[in-house]
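In: All I have is the shape, not the residue letters:
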């Protein structure tokens, strides 16, 4: 049996127009956007479809919007390929909430609401601090950690070989970029983000997120869901809540998470949601993996066809 993992996009994948063709072509997709409006009290679908870009990019909108489009892609794929089974899920940062929801650890309504609040809490933490992030290309983890220690920043994302992201106070990020280049990085450039995600500067969001998570029902996942914090499967409900709070300030150990799955025989990875960043990472982590994605109608049709052919009796 081919072991399949579903991967869910994180912040930065948003783009005006995402999900629009899915909602126009599939009534069930439109129904999920309508349900999200009921849950949130505003038309998030309209923000996804029409922007404006500044509104979609705002953290409190981008996070639930990416969650919603990933969820819709997941539901449509299940509709198109009813026999499809998956044995694991993972998501990059906020995508971990989508993965847990897809695995039955929380309801759609709770997952969407928590992600909306998480986005707001993180946006307010950004406004209360002066932080930023930068991509470091072509430098290994050990050298990048040395740069972080020298500059006073942290390693935020370990995405794939040769692509790391650092996070911290704005002025220290600029210094870290210079140090990284001096150590041999091909590129080290600040990212257009609102603040220092996955760093101690986000700590202000944690107690509020912890309080929100305490209010919602969390169940053991029906399939493996790999934690960003530990790069190991989530455990029981209380551990899930604790890891999701830690995740706000912890490094996203994406490459290690994917290697955990590869080492256990997972060979098919389906990215669900806007963009193809996770597929790009997997091309560098597991070069022989079977990679598929669902972000719009053409990719849904192509992925559904490929999967249907694979699971013919």
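Out: All right, it came through fine. Only a predicted model underlies this, so the values are computations on that prediction, with no experimental measurement involved.
In: tell me the domain ranges of the protein?
Out: 3-127+200-310, 130-190 (automatic domain parsing).
In: Need these in a markdown table (columns: mean pLDDT and mean neighbour count).
Out: (C-beta placed from N, C-alpha, C; glycine too.) Below are those laid out as a markdown table (pLDDT from 0 to 100; neighbours: other Cβ atoms under 10 Å):
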| stretch | mean pLDDT | mean neighbour count |
| --- | --- | --- |
| domain 3-127+200-310 | 97 | 20 |
| domain 130-190 | 96 | 19 |
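In: Checking my notes, residue 159 in a strand, right?
Out: Yes. Using DSSP: H, G, I helix; E, B strand; the rest coil, the assignment for residue 159 is a strand.
In: shouldn't it be in contact with residue 165?
Out: Yes. In terms of Cβ atoms under 8 Å, residue 159 counts as a neighbour of residue 165; the distance is 6.8 Å.
In: What are the boundaries of the strands in the stretch 51-200 of the chain?
Out: 88-91, 131-137, 154-160, 163-169, 187-190 (DSSP state E, counting those that start in this stretch).
In: which secondary structure elements does the fourth one contact?
Out: This points to strand 163-169. strand 131-137, helix 141-151, strand 154-160, helix 170-182 (3 or more Cβ pairs under 8 Å, 6 or more residues apart in numbering; DSSP states H and E).
In: Minimum distance to residue 19: which of these has it?
Out: strand 154-160 (24.0 Å; Cβ to Cβ).
In: and the closest one with helix 170-182, angle?
Out: 50 degrees (axes from the mean of the first three to the mean of the last three Cα atoms, to 10 degrees).
In: tell me the angle strand 154-160 makes with strand 131-137.
Out: Going by the same axes, to 10 degrees, strand 154-160 makes 40 degrees with strand 131-137.
In: now strand 154-160 against helix 141-151, angle please.
Out: Using the same axes, to 10 degrees, strand 154-160 lies at 160 degrees relative to helix 141-151.
In: so what's residue 109 up against?
Out: 35, 39 (Cβ atoms under 8 Å, 6 or more residues apart in numbering).
In: quick one on the thing from earlier: want to try a markdown table for the strands of the stretch 51-200 of the chain, with distance to residue 197 as columns?
Out: A markdown table is the format used below for those (distance: least, Cβ to Cβ, whole Å):
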| stretch | distance to residue 197 |
| --- | --- |
| strand 88-91 | 15 |
| strand 131-137 | 6 |
| strand 154-160 | 6 |
| strand 163-169 | 6 |
| strand 187-190 | 13 |
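In: Let me know the distance separating the closest residue to residue 53 other than its chain neighbours from residue 151.
Out: Counting by Cβ to Cβ, 6 or more residues apart in numbering, the nearest residue to residue 53 once its immediate chain neighbours are dropped is residue 16, at 5.3 Å. Distance from residue 16 to residue 151, counting by Cβ to Cβ, to the nearest Å: 34 Å.
In: got it, and residue 93?
Out: 22 Å.
In: now residue 79
Out: In terms of Cβ to Cβ, residue 79 sits 49 Å off from residue 151.
In: just residue 239 next, same as before
Out: From residue 239 to residue 151 the distance is 33 Å (Cβ to Cβ).
In: OK, contacts around the nearest residue to residue 121 once chain neighbours are set aside?
Out: Excluding the flanking residues, the one nearest residue 121 by Cβ to Cβ, 6+ apart is residue 205, at 3.8 Å. By Cβ under 8 Å, 6+ apart, residue 205 lies in contact with 118, 121-122, 124-125, 248.
In: unless I'm mixing things up, the residue nearest to residue 53 is touching residue 52, no?
Out: Yes. With contact defined as Cβ under 8 Å, residue 16 reaches residue 52; the gap is 7.4 Å.
In: will you turn the helices and strands packed on strand 163-169 into CSV that also has distance to residue 275?
Out: What follows is the helices and strands packed on strand 163-169, written out as CSV (distance: least, Cβ to Cβ, whole Å):
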stretch, distance to residue 275
strand 131-137, 15
helix 141-151, 24
strand 154-160, 13
helix 170-182, 24
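In: Ok, which of the ones you listed comes nearest residue 99?
Out: Short answer: strand 154-160, nearest of the helices and strands packed on strand 163-169 by Cβ to Cβ, at 16.4 Å.
In: That closest one - contacts with which helices or strands?
Out: Packed next to strand 154-160, using 3+ Cβ pairs under 8 Å, 6+ apart, are helix 141-151, strand 163-169, helix 254-263, helix 277-285.
In: For the first one, give me every contacting residue.
Out: Right, helix 141-151. 136, 139, 153-155, 158, 164, 166, 168, 172-173, 175-176, 179-180, 183-185.
In: From the chain's centroid, how far away is it?
Out: Centroid separation for helix 141-151 versus its chain: 24 Å, with Cα atoms, centre = their mean, to the nearest Å.
In: The last one now?
Out: Averaging C-alpha positions (Cα atoms, centre = their mean) puts helix 277-285 13 Å from its chain's average.
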